[in-house]
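Engineer: I would like the atomic coordinates for the input below:
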Amino acid sequence: MPKSKREKKISLTQTRKKGLEFKQKIIEDVRDCVDKYARIFTFSVQNMRNVQLKNIRQDWKHSRFFFGKNSLMAVALGRTISDEYRENLHFLAQQLKGQTGLLFTNETKKTVLKYFDDYRVPDFARAGNIATQTVTLEQGPIPDLSHAMEPQLRQLGLPTSLQRGVITLLRDHKVCEKGDPITPEQSRILKLFDHMMVDFHVTVEGMWSNNGKWLLFDQRPEPIVPTKVNVKAAAASKKGGSDMEQEDEEEDDKDEDNEEG
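Structural biologist: Numbering: from 1, shown residues only. You can find the predicted model right below:
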């Protein structure tokens, strides 16, 4: 049957494209903050978690964050000496690559560095993260997991069987090797056994002062992480069943805000 010419699909949702006005406002806001605040810090985010970034913004309500739209921020600051908004801002603009942002604040360098050096939140590794440890599951029973999960565990590559109604790991099993990318299956196993391998943290990389001085910081201190870890099978999380079937909504969140007070 031929398709009716009067048949039309009507979208019930409307979205406005972020055009020239939006871009111009970002540029103006960045430049206003340059004039308002005493210092600008460049920072990069490791193991991005939207919720944690919002918590940091809450702690720094007296300051201003810009995260995202690196090209717009670079234009606002000026990429070269000839077009920089203030003296030496082009050095700062050159740092805006990847998951990098700007912190405008009147706080001192010492306060900023101490806060971010101390702010680390453990979290589960996601697929694609590079393993920071070699993790091995030890042989033995896993009484905290429901027997109904045993087929799912075998699908993930674990050598398991049911013994008297209890899931049992038949032999030691290496989950991941340090330095290798983590697969989706490995990520789910680590979460199931409640092993947090990564930290959400923010690294402060440089500082511009309103007197025109630009300072690039040395590499910030990193915590000592054991290269090898043995995880007992009995340490599996009791809520592992629900973790296997759904991921936290937070994991797929992307911080689309370009600025927050």
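Engineer: Helices of the stretch 1-150 of the chain, start to end?
Structural biologist: 20-36, 50-59, 70-77, 89-93, 109-118, 150-155 (DSSP state H, counting those that start in this stretch).
Engineer: And these: which comes nearest residue 137?
Structural biologist: helix 150-155 (10.4 Å; C-beta to C-beta). (C-beta placed from N, C-alpha, C; glycine too.)
Engineer: remind me which residues of the protein are low pLDDT?
Structural biologist: In the predicted model of the chain, residues 1-18, 220-227, 233-261 satisfy pLDDT under 70.
Engineer: circling back: and the helices of the stretch 1-150 of the chain, which is most packed in?
Structural biologist: Compared across the helices of the stretch 1-150 of the chain, helix 89-93 shows the largest average neighbour count, a mean of 22 (mean count of other C-beta atoms under 10 Å).
Engineer: So residue 33 sits against residue 105, correct?
Structural biologist: No: counting by C-beta atoms under 8 Å, residue 33 does not reach residue 105; the two are 9.6 Å apart.
Engineer: what do those two both touch?
Structural biologist: Shared contacts of residue 33 and residue 105 (C-beta atoms under 8 Å, 6 or more residues apart in numbering): residue 64.
Engineer: burial measure for residue 102, as a count.
Structural biologist: Residues contacting residue 102 under the criterion other C-beta atoms under 10 Å number 26.
Engineer: from memory it sits against residue 68, does it?
Structural biologist: No: between residue 102 and residue 68 there is no contact under C-beta under 8 Å: 10.4 Å.
Engineer: Excluding sequence neighbours, find me the nearest residue to residue 107.
Structural biologist: Closest residue to residue 107 in three dimensions, ignoring its sequence neighbours and counting by C-beta to C-beta, 6 or more residues apart in numbering: residue 63, at 6.8 Å.
Engineer: What does that neighbour show for phi and psi?
Structural biologist: Here is the backbone geometry of residue 63 (degrees, to the nearest 10): phi -120, psi -170.
Engineer: I'd say it and residue 106 touch.
Structural biologist: Yes: with contact defined as C-beta under 8 Å, residue 63 and residue 106 form a contacting pair (7.4 Å).
Engineer: More neighbours: those two, which one.
Structural biologist: Legend: neighbour count by other C-beta under 10 Å for residue 63 and residue 106, higher for residue 63 (18 against 12).
Engineer: shared neighbours, residue 63 and residue 106?
Structural biologist: With contacts taken as C-beta under 8 Å, 6+ apart, residue 63 and residue 106 have residue 37 as neighbours in common.
Engineer: what's in contact with stretch 42-51?
Structural biologist: For stretch 42-51, contacts defined as C-beta under 8 Å, 6+ apart pick out 53, 67, 92, 95-96, 98-103, 116, 121, 123, 126, 129, 198-207, 250, 253-255.
Engineer: taking those one by one, which sit in strands?
Structural biologist: With strands taken from DSSP state E, the overlap with the contacts of stretch 42-51 comprises 67, 100-103, 121, 123, 198-207.
Engineer: Weed out the non-buried ones from the residues you listed.
Structural biologist: 67, 100-103, 123, 198-207 (16 or more other C-beta atoms under 10 Å).
Engineer: Just the strands from the stretch 101-250 of the chain, written as ranges.
Structural biologist: For the stretch 101-250 of the chain, the strands defined by DSSP state E, counting those that start in this stretch occupy 120-123, 134-138, 140-141, 160-163, 166-169, 173-176, 198-209, 214-216, 228-232.
Engineer: And the first one, what does it pack against?
Structural biologist: The contact analysis (3 or more C-beta pairs under 8 Å, 6 or more residues apart in numbering; DSSP states H and E) places strand 120-123 against strand 198-209.
Engineer: Same check on the third one?
Structural biologist: Applying 3+ C-beta pairs under 8 Å, 6+ apart, one finds that strand 140-141 contacts strand 166-169.
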